[in-house]
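Visitor: task: produce atomic coordinates for the following.
(chains A and B)
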Protein chains: 2
Amino acid sequence: MKIQLAKNYGFCFGVKRAIKIAENSKDGATFGELIHNSEEIKRLKDDFNVKTLKTIDEMKNEKKVIIRTHGITKNDLEILKTENKNIIDATCPFVTKPQNIVEKMSKDGYDIVIFGDFNHPEVKGVMSYASGNVFVVLEPKELDGVKIRNKVAVVSQTTKKIEEFAKIVSYLMTRTKEVRVFNTICNATLENQEAVRELALKADVMVIIGGKNSSNTKQLFLISKQVCKDSYLIENDSEVKKEWFDGKKFCGISAGASTPGWIIQKVVNKIKELS
Amino acid sequence: MKIQLAKNYGFCFGVKRAIKIAENSKDGATFGELIHNSEEIKRLKDDFNVKTLKTIDEMKNEKKVIIRTHGITKNDLEILKTENKNIIDATCPFVTKPQNIVEKMSKDGYDIVIFGDFNHPEVKGVMSYASGNVFVVLEPKELDGVKIRNKVAVVSQTTKKIEEFAKIVSYLMTRTKEVRVFNTICNATLENQEAVRELALKADVMVIIGGKNSSNTKQLFLISKQVCKDSYLIENDSEVKKEWFDGKKFCGISAGASTPGWIIQKVVNKIKELS
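Guide: Model (predicted):
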């Protein structure tokens, strides 16, 4: 069976940068998971003693604080700043951008619409920069009946699908006079999405590797599944099943932006072994 | 046969206003057609001696100049202004708006995209207010290969279909970082479009009345045709044909924003007579 990796996949610029920052911040603590990959987080703990803490209270005794790639809320950042800590910012610059846009547009009197998952840490961070109305939605219908002002600024979670983002914008265009659209979907996301679509068209089985809580990995899986019905989403090689490859000729592989190369390599080896 | 007019049709606010202005400007001259309806223009000439002139040269000897509903170019307006004339502005306020938006956005460094017909007087006027790059398109593919900056402002000709406008915006979102969308399609247009769709769903024959060069009438006809295949576009009662109504039970009628009530009434009478 032929095995082929997508033209673009895996670690993006922001994740690579964050891991480098963490590796250079021995004994530090991240507030929330640095990236959405538990195995890589374990490696940082084992090799560099970088801890992952979950609440702002737990951070109290930490001197060296690393801000995760997805960013944190404006309020949490201010609390950390008042505590005289060494703050090391590993927020992806592509996430800082929507934070800044939301802050500025909100001050300029725009209502804010964020296309994203309300519970995703990136979205929680971005929305915290709004000083006026802010709405987080995944579908246009969630805006039905919502009172929106005549000026709306729209941003997207960095890891979403552009087609779905466009649907929100189309809907808003009919509801309000000015819609200021900032395409904050990051290029790595767009490239990985394009590459997985291209590969899935040729493959008869697809394996997508990434954290179960990773938004961008989920999007890759959904795109793959649309085109190639035998698509599987896994976190690591232990989940690979022999029967997936019975009678198959071409296996395509892609991985989310938080998936380290060594995990991908182990999956490839396992597939070779089983097929 | 049942005959029913659409819930919204015919003269819009801007046209009513322009006709009133023209009626109050006896012996004046309009630069280009005041509205896109030759019969109404003839009435204004016959009853109020309001002439329709075609070039800026022809305007030279006119003292009282009426600016048409669709507006004129910035340059033509400046020429008229230097000639010490009495300028009476009948530009529809909904057309003045995209003119102002394009002027401001262009000054603020945005590339301008106008969704509209390059040869329509309204579009010629609106685009003349751009001081930088300006692109007029009807379909996204016309933007293929065009070099666009990172900031784009988009307006629409006031009489276009919102769904097609949204396609242009969706395309631009994938090509550039900020798309500032101003929904300049006028409410009368949107309401007439909605009403003709609703009526065409119930009718088995549709008659749309309006000037052959009227953009909004054309849109009404296209929407009607999509839903009811027996749709006809006419300028006046002389074009109505008996055979259109053979075996029909329900005739729907709509008219463009420049179509006077007396023309619509004559068409209705003719249909009653023939059916």
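Visitor: for the rest of this, base every contact and every neighbour count on C-alpha atoms.
Guide: Will do.
Visitor: can you get me a residue count around A:G247?
Guide: By other CA atoms under 10 Å in any protein chain shown, 10 other residues sit near A:G247.
Visitor: so what pLDDT did it get?
Guide: Turning to A:G247, the model gives it a pLDDT of 95.
Visitor: gap between it and A:K2?
Guide: For A:G247, the distance to A:K2 (CA to CA, to the nearest Å) stands at 12 Å.
Visitor: for the closest residue to A:S275 other than its chain neighbours, what are its contacts?
Guide: In this structure, A:S275 finds its nearest non-sequential neighbour in A:F245, 6.1 Å apart by CA to CA, 6 or more residues apart in numbering or on different chains. A:F245 makes contacts with A:205, A:251, A:275, as judged by CA atoms under 8 Å, 6 or more residues apart in numbering or on different chains.
Visitor: and these as JSON lines, adding pLDDT and secondary structure?
Guide: Below are the contacts of A:F245 laid out as JSON lines (pLDDT from 0 to 100; DSSP: H, G, I helix; E, B strand; the rest coil):
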{"residue": "A:V205", "pLDDT": "98", "secondary structure": "strand"}
{"residue": "A:C251", "pLDDT": "98", "secondary structure": "strand"}
{"residue": "A:S275", "pLDDT": "84", "secondary structure": "coil"}
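Visitor: nearest to B:G32 among the residues you listed?
Guide: A:V205 (64.0 Å; CA to CA).
Visitor: and the helices in the stretch 1-150 of chain A?
Guide: Assigned by DSSP state H, counting those that start in this stretch, the helices in the stretch 1-150 of chain A fall at A:13-23, A:38-48, A:74-82, A:93-107, A:121-127.
Visitor: looking at these, which is buried most?
Guide: The highest mean neighbour count among the helices of the stretch 1-150 of chain A, using mean count of other CA atoms under 10 Å in any protein chain shown, belongs to helix A:121-127: a mean of 23.
Visitor: tell me what that one is packed against?
Guide: helix A:93-107 (3 or more CA pairs under 8 Å, 6 or more residues apart in numbering or on different chains; DSSP states H and E).
Visitor: the helix it packs on near chain B anywhere?
Guide: No: Helix A:93-107 lies apart from chain B when judged by CA under 8 Å from any CA of the partner chain; the minimum separation is 10.7 Å.
Visitor: which residues does that helix contact?
Guide: A:14, A:69-71, A:111-112, A:122, A:125-127, A:129-133, A:153, A:155-156, A:158, A:184, A:186.
Visitor: and it, how far out from the chain middle?
Guide: Chain-centre distance of helix A:93-107: 17 Å, with CA atoms, centre = their mean, to the nearest Å.
Visitor: what about that helix, average pLDDT?
Guide: Throughout helix A:93-107, pLDDT has a mean value of 97.
Visitor: wouldn't A:V196 be in contact with A:L220 here?
Guide: Yes: using CA atoms under 8 Å, A:V196 is in contact with A:L220, at 6.6 Å.
Visitor: related to what we said a few turns ago, what subset of the contacts of helix A:93-107 is buried?
Guide: Buried subset of the contacts of helix A:93-107 (neighbour count, 16 or more other CA atoms under 10 Å in any protein chain shown): A:14, A:69-71, A:111-112, A:122, A:125-127, A:129-131, A:133, A:153, A:155-156, A:158, A:184, A:186.
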